[in-house]
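Trainee: Quick one, structure for this:
(2 chains)
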2 protein chains.
Amino acid sequence: MARWAPDTRERLRAAALELFAERGFEATTIPDIVQRAGVTRRTFFRHFGDKREVFFSGDEIPRLAADMLAAAPAGVAPFALAWGGFQALAGERFEPRRAEIAAARRIIAAEPALRERDLQKQADLREVLTAGFRARGVEALRARVVAGLAVDLLQTALERWADDDTGTPLIDHLERVRAEMSAVFDTDLPAGNPRGRMPPPAGVGGRD
Amino acid sequence: MARWAPDTRERLRAAALELFAERGFEATTIPDIVQRAGVTRRTFFRHFGDKREVFFSGDEIPRLAADMLAAAPAGVAPFALAWGGFQALAGERFEPRRAEIAAARRIIAAEPALRERDLQKQADLREVLTAGFRARGVEALRARVVAGLAVDLLQTALERWADDDTGTPLIDHLERVRAEMSAVFDTDLPAGNPRGRMPPPAGVGGRD
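Mentor: Numbers count the residues shown, from 1 in each chain, chains lettered A, B, ... in the order given. Coordinates of the predicted model:
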């Protein structure tokens, strides 16, 4: 059997993004995309489950994350593991594709069906990370919390990097978001027992 | 014009949840629900946009959050505001409805279309909080980060509370999740410059 050309997936993605930019997401059909890319419809469906999947890297990121967690040495704290993985992904997988990712994110932002799929992909990654941490013996709540923080950190940094015209690398955005998250817990609540110290805010659940 | 009975929405919700539990979400129709609740189809659509909306409180939570942020005194840190709001919501809105919310969450977990809608509702709340913080003069990245942390904190605590048969109040789950989030940043990364200290993890983006 012939091997698929290694760049077919990227060619399909580039053709689709061009057409989405020219005509809009809804008005672009799969026949349009395969014609522009010079491949068959069947080839499209070898690479993508539907038109929305063109915007996402399939299961690549969750698979890499699962492999990384399974392969990492014992005793590394879960957030440190996620952080190391994001730094590697940033440099190797995201940075070289900045223009394409930024264009894709603009289309996702404008299309409710794509935003939903994007949210589902984030939830999938969160579940993979939670399960991977659990398999390493991390306690359930810590596993869930670290996975949630990690996915939101990555997502926020990606959004800012894609919107940033100054060329600041993703790795610097990741570091800024991490520092900001950390600062929230350092400074935003009174020390000691925060339950006793917070006045109930006006307008929420009050008896008035 | 006649006022709607104030409990119609809750009666519809209770009828729908009973039917979903008996027959499953897909097999339950809107005519089934309105018949069980003893109201008209038209009344259903006054309260809910579609069958999935039965599981969610519409725009109630984002609206309360927006009102709370607009009404709060100046100078309260954004995370402290969100935290105070969640504590009030927990006691007044969630705790009295624990059995119903737990049942609803089990159905949501089993139904991809409901999980998607749930993720969209979380994203909506995140956007409302981000915009509310921005309107209070909070810097853009801090606003986004606090909103993300707050929504994930609430979501994680709700999941654990709904799954917890010991009767531990939601407010205690909120506090545990908050403490766990805070601990991640205290202990999970080496102090100082974390970029220089982390070895690249095996299997992600490496050159080997």
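Trainee: Just the buried residues of stretch A:148-165, please?
Mentor: For stretch A:148-165, the neighbour count (16 or more other CB atoms under 10 Å in any protein chain shown) marks A:148-158, A:160-162 as buried. Where C-beta positions appear, they are placed from N, C-alpha and C, glycine not excepted.
Trainee: With just CA atoms, put that stretch into CSV.
Mentor: Extracted in CSV, the C-alpha atoms of stretch A:148-165 (Å, rounded to 0.1, in the frame of the first residue of the first chain):
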residue,chain,number,x,y,z
GLY,A,148,-7.1,22.2,35.6
LEU,A,149,-4.5,24.8,36.3
ALA,A,150,-2.2,23.4,33.6
VAL,A,151,-4.8,23.4,30.9
ASP,A,152,-5.9,26.9,31.7
LEU,A,153,-2.3,28.1,31.9
LEU,A,154,-1.6,26.7,28.4
GLN,A,155,-4.9,28.0,27.0
THR,A,156,-4.4,31.5,28.4
ALA,A,157,-0.8,31.7,27.2
LEU,A,158,-1.8,30.4,23.7
GLU,A,159,-4.5,33.0,23.4
ARG,A,160,-2.1,35.8,24.4
TRP,A,161,0.7,34.6,22.2
ALA,A,162,-1.5,34.3,19.1
ASP,A,163,-2.9,37.8,19.7
ASP,A,164,0.6,39.3,20.3
ASP,A,165,2.1,41.0,17.3
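Trainee: Strands of chain A, start to end?
Mentor: With strands called from DSSP state E, chain A shows none.
Trainee: Map the structural domains onto the sequence of it.
Mentor: A:8-53, A:56-184 (automatic domain parsing).
Trainee: What count of nearby residues applies to the closest residue to residue A:184 other than its chain neighbours?
Mentor: Spatial nearest neighbour of residue A:184, excluding adjacent residues (CB to CB, 6 or more residues apart in numbering or on different chains): residue B:79 at 5.0 Å. Residue B:79 has 24 neighbouring residues, counting by other CB atoms under 10 Å in any protein chain shown.
Trainee: Check the offset of stretch A:18-35 from the chain's centre.
Mentor: In terms of CA atoms, centre = their mean, to the nearest Å, the centre of stretch A:18-35 is found 24 Å from the chain centre.
Trainee: so what's the spatially most central residue of chain A up against?
Mentor: Centroid-nearest residue in chain A, with CA atoms, centre = their mean: residue A:155, separated by 5.0 Å. Contact analysis of residue A:155 by CB atoms under 8 Å, 6 or more residues apart in numbering or on different chains lists A:122, B:148.
Trainee: pLDDT value on it, please?
Mentor: Here the pLDDT value assigned to residue A:155 is 94.
Trainee: so how far is residue B:183 from it?
Mentor: Distance, residue A:155 to residue B:183, by CB to CB, to the nearest Å: 22 Å.
Trainee: Which one of the buried residues of stretch A:148-165 is nearest to residue A:105?
Mentor: residue A:162 (4.5 Å; CB to CB).
Trainee: Just list the residues touching that closest one, thanks.
Mentor: Applying CB under 8 Å, 6+ apart, the residues contacting residue A:162 are A:98, A:101, A:102, A:105.
Trainee: How about residue A:181?
Mentor: Counting by CB under 8 Å, 6+ apart, residue A:181 touches A:149, A:153, B:145, B:149, B:185.
Trainee: burial measure for the residue nearest to residue A:21 when sequence neighbours are not counted, as a count.
Mentor: The shortest distance from residue A:21 to any non-neighbouring residue, by CB to CB, 6+ apart, is to residue A:103 (6.7 Å). Residue A:103 has 16 neighbours, counted by other CB under 10 Å.
Trainee: next one: residue A:168
Mentor: Residue A:168 has 12 nearby residues by other CB under 10 Å.
Trainee: do the same with the one 4 residues further on
Mentor: Other residues near residue A:172 come to 15 when the count uses other CB under 10 Å.
Trainee: Next: the one 5 residues further on.
Mentor: By other CB under 10 Å, the residues close to residue A:177 number 24.
Trainee: Starting from chain B, give me the distance back to it.
Mentor: According to CB to the nearest CB, to the nearest Å, residue A:177 and chain B sit 6 Å apart.
Trainee: go on, residue A:32?
Mentor: On the measure of CB to the nearest CB, residue A:32 and chain B end up 27 Å apart.
Trainee: check contacts around the closest residue to residue A:113 other than its chain neighbours.
Mentor: Leaving aside its chain neighbours, residue A:113 sits nearest to residue A:52 (6.2 Å; criterion: CB to CB, 6+ apart). Shown in contact with residue A:52 (CB under 8 Å, 6+ apart): A:113, A:114, A:117.
Trainee: so the second one sits right up against residue A:120, yeah?
Mentor: Read it as residue A:114. No: taking contacts as CB atoms under 8 Å, residue A:114 lies outside contact range of residue A:120: 10.5 Å.
Trainee: Done for today, thanks.
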